[in-house]
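S.K.: Just need the structure, nothing else, for what follows:
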Amino acid sequence: MVLKPSMNTLAALCLAASAALFFFGTGLTPVWMLLWLAPIPILWLSPRISAGQAFFVAAAAYMLGGFNLWFYMTIVAPAWVALLNAFVPACLFAAAVVLFRNRVVRGRLWQAVLIVPAFWVTYEYVTSLLSIHGTIGNIGYSQLNFLPILQLAAVTGIWGISFSILLFAATVAVLLGSGPARQKTAIAATAAIFFLCVFGYGFLRLARLPKDAPMVKVGLVASDDSNMVLAFTPEQALGMYDRFGKEIRTLQGRGIQMFVLPENSGPVTDASVAATDEKLGAMAKEAHAFVAIGVARIGPKLSWNEERLYAPDGTLAATYDKHHLLPPFENQFTAASARTTLKEPSGIWGLQICKDMDFPLLSRQYARDGVGLMVVPAWDFTLDGWSHGRIAAMRGVEDGFSIARSAKRSILYASDDRGRVLAEQNTMMLPFATVVTSVPVHHDVTLYSKLGDWSAWLNIALLAVLAVLWNRGKSLTLPN
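M.R.: Numbers count the residues shown, from 1 in each chain. Below you'll find the model as predicted:
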């Protein structure tokens, strides 16, 4: 696999350019526009070199770009998992590039343009069904700061965003390469119409905000102080609640209707549950507001990562047990399957906890319950505060609800059903970080909430059709 000197230089430049664009266009704090460009140099290069060379260059570019997550992955997972996380997606991206190359070389430019996004969306969807981490790692999350494309999730889910990014890259690579002018003209015109519809819908949806939606004033409170992150005994937990109570008192008089505190804020045993309810109920009653908090509910045989919601009259209004647990950190807990909703004058509220929002199905089920506001205690790993909070915001766009998310070692977030961040605050501000904002409680019925992952299945069907057409068409010799 030895390239000519001039081709070596070209391949190195394309590899370096794609690797740099992937590095800064993905990860925990991506620059959204760079990912649209990242695959183009490798795709453009691929027909000019052999299939083996194209695979190697593509895999190297994607893997080098993926090392933007290396430090984070070594914190949350063993080193071999971090290596696997870099290696497997790189090989699959390389496989997509080789498929693209084959179609271009054979003169099947339409198939070349479509096979890259269809292959990748199929991979991402199958991974989301099999992985304990759900949709984590999906390239669509790179677009969380680009609200017009984010609106596509209300129609297709996150799958349409991944498809759009790679369709754009494959189209540009084809148009910059050799091939029949008639095919290229038709591809350019079709792509232009497609993206005009996508972005037209995005801007239109952003402009059409629901009118007169009921508002709930929310106070998000968290602390990264060492005494507030983790309590090991019920007694320590009660002391933590006292400190939360003091902070909440400083926010009284601002008309706050609900306070949201972080996930796993201390253990609650059968022996301590009465004292816990008394203290947290009194906190809610004094504040004349709902108080949502995450606790470790420890039973004699089973334990749950639980959210408890206290009403302004001091009573326990609702509880919710986390569905999706993060091993090995939550191996002591039992996964639940029941949803919890609360009907209030403002609308229907739903309860979820942290990692639950990495899985679209659960939020889609809540959408069918008519939820207009999701109340989410959470706990992140500091580095992923922006990313994990915005992933939750994606669920709100997909399924038409607002989100109030309070996470320690993270960023406090409130967002609406368009993915707009209404307020945010990094929790590194000690001793307490707080956010006070009004959040709309409105359920926007979306096509995605009704039809689910139809877009992913359409990509699977498209990939199957392209496989059937694989050996049709004449070969085309391209210049080096």
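S.K.: Tell me which stretches of the protein form strands.
M.R.: 215-222, 258-260, 267-269, 290-298, 303-310, 316-321, 341-344, 347-351, 373-379, 402-408, 411-415, 421-426, 433-440 (DSSP state E).
S.K.: Any buried residues in stretch 17-34, and which?
M.R.: For stretch 17-34, the neighbour count (16 or more other Cβ atoms under 10 Å) marks 17-28, 30, 32, 34 as buried. Any C-beta I mention is one placed from the backbone N, CA and C, and that applies to glycine too.
S.K.: Pick the one among those closest to residue 62.
M.R.: Top of the list for closeness to residue 62, among the buried residues of stretch 17-34 and by Cβ to Cβ, is residue 22 at 6.0 Å.
S.K.: Turn the strands of the chain into TSV, including mean pLDDT.
M.R.: As requested, the strands of the chain are arranged in TSV below (pLDDT from 0 to 100):
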stretch	mean pLDDT
strand 215-222	98
strand 258-260	98
strand 267-269	97
strand 290-298	98
strand 303-310	98
strand 316-321	98
strand 341-344	97
strand 347-351	98
strand 373-379	98
strand 402-408	97
strand 411-415	97
strand 421-426	95
strand 433-440	97
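S.K.: on that earlier part again, out of the buried residues of stretch 17-34, list just those in helices.
M.R.: Taking DSSP state H as the definition of helices, the buried residues of stretch 17-34 contribute 17, 18, 19, 20, 21, 22, 23, 24, 25, 32, 34.
S.K.: what's the distance between the most centrally placed residue in the chain and residue 318?
M.R.: Geometric centre of the chain, nearest residue: residue 391, 2.9 Å, by Cα atoms, centre = their mean. According to Cβ to Cβ, to the nearest Å, residue 391 stands 24 Å off from residue 318.
S.K.: what does residue 220 give?
M.R.: Counting by Cβ to Cβ - residue 220 and residue 318 are separated by 19 Å.
S.K.: Please identify which of these two sits among more neighbours.
M.R.: Between residue 220 and residue 318, counting by other Cβ atoms under 10 Å, residue 220 is the more crowded of the two (31 against 18).
S.K.: and the residue nearest to residue 128 when sequence neighbours are not counted, what pLDDT?
M.R.: Nearest in space to residue 128, with sequence neighbours left out and distances taken as Cβ to Cβ, 6 or more residues apart in numbering, is residue 135 at 4.8 Å. You'll see residue 135 listed with a pLDDT of 95.
S.K.: one step back: just send the strands of the chain back as TSV, with distance to residue 357 too.
M.R.: TSV is the format used below for the strands of the chain (distance: least, Cβ to Cβ, whole Å):
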stretch	distance to residue 357
strand 215-222	15
strand 258-260	14
strand 267-269	23
strand 290-298	13
strand 303-310	13
strand 316-321	13
strand 341-344	16
strand 347-351	11
strand 373-379	7
strand 402-408	8
strand 411-415	11
strand 421-426	15
strand 433-440	16
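S.K.: Which among those is found nearest to residue 114?
M.R.: Across the strands of the chain, residue 114 has its closest neighbour in strand 411-415 (33.1 Å, Cβ to Cβ).
S.K.: residue contacts, the residue nearest to residue 11 when sequence neighbours are not counted?
M.R.: Once flanking residues are discounted, residue 11 sits nearest to residue 57: 5.5 Å by Cβ to Cβ, 6+ apart. Taking Cβ atoms under 8 Å, 6 or more residues apart in numbering, we find residue 57 in contact with 11, 14, 15, 42, 45, 46, 49.
S.K.: Can you tell me how far residue 57 is from residue 135?
M.R.: 28 Å.
S.K.: in the chain, which helix or strand is least confident?
M.R.: With mean pLDDT, DSSP states H and E as the measure, the helix or strand of the chain carrying the lowest mean pLDDT is helix 70-76 (a mean of 85).
S.K.: Can you point out the buried residues in that one?
M.R.: Buried residues in helix 70-76, counting neighbours by 16+ other Cβ under 10 Å, are found at 72, 73.
S.K.: count of neighbours near residue 182?
M.R.: 9.
S.K.: Now do it against residue 213, distance only.
M.R.: 50 Å.
S.K.: do residue 405 as well
M.R.: 19 Å.
S.K.: More neighbours: the two, which one.
M.R.: residue 405 (31 against 18).
S.K.: related to what we said a few turns ago, check the buried residues of stretch 17-34 against residue 244 and report the nearest one.
M.R.: Set against residue 244, the nearest of the buried residues of stretch 17-34 by Cβ to Cβ is residue 28 (28.1 Å).
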